[in-house]
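Undergrad: Provide a 3D model corresponding to the input given below.
(one chain, ligands or ions: 2)
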Amino acid sequence: LTTDLTTLSDNLLKGDRRALARAITVAETGGSQATELSKRLFGHSSTAHLIGVTGSPGVGKSTLVDALITNIRKAGLTVGVLAIDPTSPFTGGAILGDRIRMQGHTLDRGVFIRSMANRGHVGGVSLATYDAVRMLEASGFNIVIIETVGVGQSELAIAKTADTTILTLMPGSGDDVQAIKSGIMEIGDIYVINKGDLPGASKAYSVIVQSLELTAVNNEWRPPVLIASAETGDGTDKVWLAITQHKDFLESSGTLVERRKAKIQAELSEIIAAKAKRNFQEGMSHSGQIQALLQEVLNLSLDPHSAADRLMTELLPFAQK
Ligand SMILES: Nc1nc2c(ncn2[C@@H]2O[C@H](COP(=O)(O)OP(=O)(O)OP(=O)(O)O)[C@@H](O)[C@H]2O)c(=O)[nH]1
Ligand SMILES: [Mg+2]
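TA: Numbering: from 1, shown residues only. Ligands and ions are numbered 1, 2, ... in the order given. Predicted coordinates for the structure are as follows:
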């Protein structure tokens with residue numbers, strides 16, 4: 001088992017794509033193998049610029065990512081893409097497959113795309129996602145893109161994790177209003193109104209610009225609002241330019257370090273939550289003390305909050321690892 005992981009991590013570090021694919025599966029499966037692999041690869045990570053692409057289903061995130069891949073490759077950089085809980089298969093895009101094929105990139109070793117499940121993990125980034133990002137970094141990719149679907153908690157979580165967050169919208173869907181209502185107008189570093197070829201793009205543009213002026217949370221970086229048509233590639237070079245400008249801003253202002261600290265904080269909090277839960281669940285069957293505590297709550301002599309406090313301070317350290 002150990003040699004297996006050694007071979008796997010060695011091959012991954014050499015840039016072997018099958019090893020990378022397998023390693024991500026190990027991360028998705030979780031458990032002690034995932035933890036061990038994550039530990040081995042840790043020293044080789046944290047090198048890529050991490051871009052989050054989020055927005056409602058069907059706004060064209062994957063198509064935009066596909067267009068960005070072309071820009072990234074033209075810039076001589078490599079890119080790994082993780083599509084989290086995609087509602088439609090990423091490569092189902094004949095678009096992606098075809099374009100890459102047309103450019104002779106069928107076996108482009110500079111591009112790696114993978115779908116991942118984050119199911120049952122509302123409001124957080126799954127530990128597997130953090131690990132998969134590190135694996136892509138350890139494989140040597142310069143840029144990592146995470147595509148997440150939806151407008152809500154998990155987008156906020158991804159925004160905390162990414163260096164640059166792109167909020168994708170489309171005209172005439174009420175999407176803009178929805179975005180403003182749910183407060184996610186604060187999470188974008190770059191706003192892209194995709195499907196700019198459809199009617200209503202300029203109206204959506206003014207709605208977004210206006211609400212950004214009202215929100216104005218970040219006065220150092222003024223999030224650009226861009227209109228693009230990912231399908232034809234119109235305007236996507238401006239999106240790529242905005243990404244590079246945002247990267248420069250993050251580095252020169254020191255914001256990058258702050259963001260990465262926030263990211264570590266978010267990851268640690270996920271790990272602690274997962275471990276505490278596992279310790280508690282395993283401890284339940286082993287620990288008479290926990291059983292006694294449950295009985296107290298059952299007898300109405302202790303409320304669940306106080307019971308949890310006692311567990312945290314007294315019992316959890318003794319629960320099985
Ligand atoms: N008219 C128009 N259609 C587009 C454009 N970009 C994408 N589409 C279409 O919009 C549909 C959804 O595109 P996707 O890229 O799969 O959207 P997505 O946001 O990744 O979708 P999910 O991952 O399922 O949430 C596809 O039929 C695309 O062809 C565009 O610029 N203009
Ligand atoms: Mg998609």
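Undergrad: Tell me the secondary structure at R109.
TA: Per DSSP: H, G, I helix; E, B strand; the rest coil, the secondary structure class of R109 is coil.
Undergrad: any idea how far R73 is from I113?
TA: Using Cβ to Cβ, to the nearest Å, I113 is found at 13 Å from R73. C-beta here means a position set from N, CA and C on the backbone, and glycine is covered the same way.
Undergrad: typed the wrong thing, it's Q289
TA: 58 Å.
Undergrad: what residues does the stretch 151-300 of the chain put near ligand 1?
TA: Residues of the stretch 151-300 of the chain lying close to ligand 1 by Cβ under 6 Å from any ligand atom are 194-195, 197-198, 229-231.
Undergrad: which pair in those spans the largest distance?
TA: L198 and A230 (11.9 Å; Cβ to Cβ).
Undergrad: Residue of the stretch 101-250 of the chain nearest ligand 2, please.
TA: Closest residue of the stretch 101-250 of the chain to ligand 2, Cβ to the ion: E147 (5.6 Å).
Undergrad: Please enumerate the strands of the stretch 1-150 of the chain.
TA: Chain-ordered strands for the stretch 1-150 of the chain, with DSSP state E, counting those that start in this stretch as the definition, fall at 49-55, 79-84, 111-116, 143-149.
Undergrad: how about the ones you listed, which one is nearest ligand 1?
TA: strand 143-149 (4.1 Å; Cβ to the nearest ligand atom).
Undergrad: The residue nearest to T47 when sequence neighbours are not counted: neighbouring residues, count only.
TA: Spatially, and ignoring its direct neighbours in sequence, T47 is nearest to E137 (5.1 Å; Cβ to Cβ, 6 or more residues apart in numbering). Neighbourhood size, E137 [other Cβ atoms under 10 Å]: 20.
Undergrad: ditto for L13
TA: Neighbour tally, L13, other Cβ under 10 Å: 17.
Undergrad: Tell me how far it lies from S229.
TA: L13 is 39 Å from S229, by Cβ to Cβ.
Undergrad: Could you do R114 as well?
TA: Taking Cβ to Cβ, one finds R114 at 26 Å from S229.
Undergrad: wait, what's in contact with F42?
TA: R134 (Cβ atoms under 8 Å, 6 or more residues apart in numbering).
Undergrad: Can you tell me how far it is from E36?
TA: Distance from F42 to E36, counting by Cβ to Cβ: 11 Å.
Undergrad: Count the neighbours of the one residue in the chain that gets nearest to ligand 2 for me.
TA: Closest contact between the chain and ligand 2, by Cβ to the ion, is at S62 (3.3 Å). For S62, the count of nearby residues is 27 (other Cβ under 10 Å).
Undergrad: Might one say that it is in contact with E147?
TA: Yes. At 6.3 Å, S62 and E147 qualify as touching, with contact defined as Cβ atoms under 8 Å.
Undergrad: Give me the below-cutoff pLDDT ranges for the stretch 1-150 of the chain.
TA: Along the stretch 1-150 of the chain, segments meeting pLDDT under 70 span 1-3, 46, 86-107, 118-125, 150.
Undergrad: quick one: G200 from P171, how far?
TA: For G200, the distance to P171 - Cβ to Cβ - is 4 Å.
Undergrad: And P57, by the same measure?
TA: Taking Cβ to Cβ, one finds P57 at 16 Å from P171.
Undergrad: between the two, which one's more packed in?
TA: Taking neighbours as other Cβ under 10 Å, P57 and P171 compare with P171 leading, 22 against 11.
Undergrad: Make sure I have this right: the more buried one is in a strand.
TA: No. Counting by three-state DSSP, P171 is not found in a strand; it is coil.
Undergrad: what's it sitting at in phi/psi?
TA: Main-chain torsions, P171, degrees, to the nearest 10: phi -70, psi 150.
Undergrad: what does the average pLDDT come to for the longest helix seen in the chain?
TA: Looking across the chain with DSSP state H, the single longest helix is helix 255-286. Helix 255-286 carries an average pLDDT of 84.
Undergrad: That one - contacts with which helices or strands?
TA: Packing contacts for helix 255-286, counted by 3 or more Cβ pairs under 8 Å, 6 or more residues apart in numbering; DSSP states H and E, involve helix 127-138, helix 153-161, helix 236-253, helix 288-298.
Undergrad: let's go with 10 Å and repeat that
TA: Under the contact criterion of 3 or more Cβ pairs under 10 Å, 6 or more residues apart in numbering; DSSP states H and E, helix 255-286 touches strand 49-55, helix 127-138, helix 153-161, strand 164-169, helix 236-253, helix 288-298.
Undergrad: That one versus helix 127-138: what angle between them?
TA: Angle between the axes of helix 255-286 and helix 127-138 is 140 degrees (criterion: axes from the mean of the first three to the mean of the last three Cα atoms, to 10 degrees).
Undergrad: Just the buried residues of helix 255-286, please?
TA: Judged by neighbour count using 16 or more other Cβ atoms under 10 Å, the buried positions of helix 255-286 are 255-256, 259, 263, 266-267, 270, 279-280, 283.
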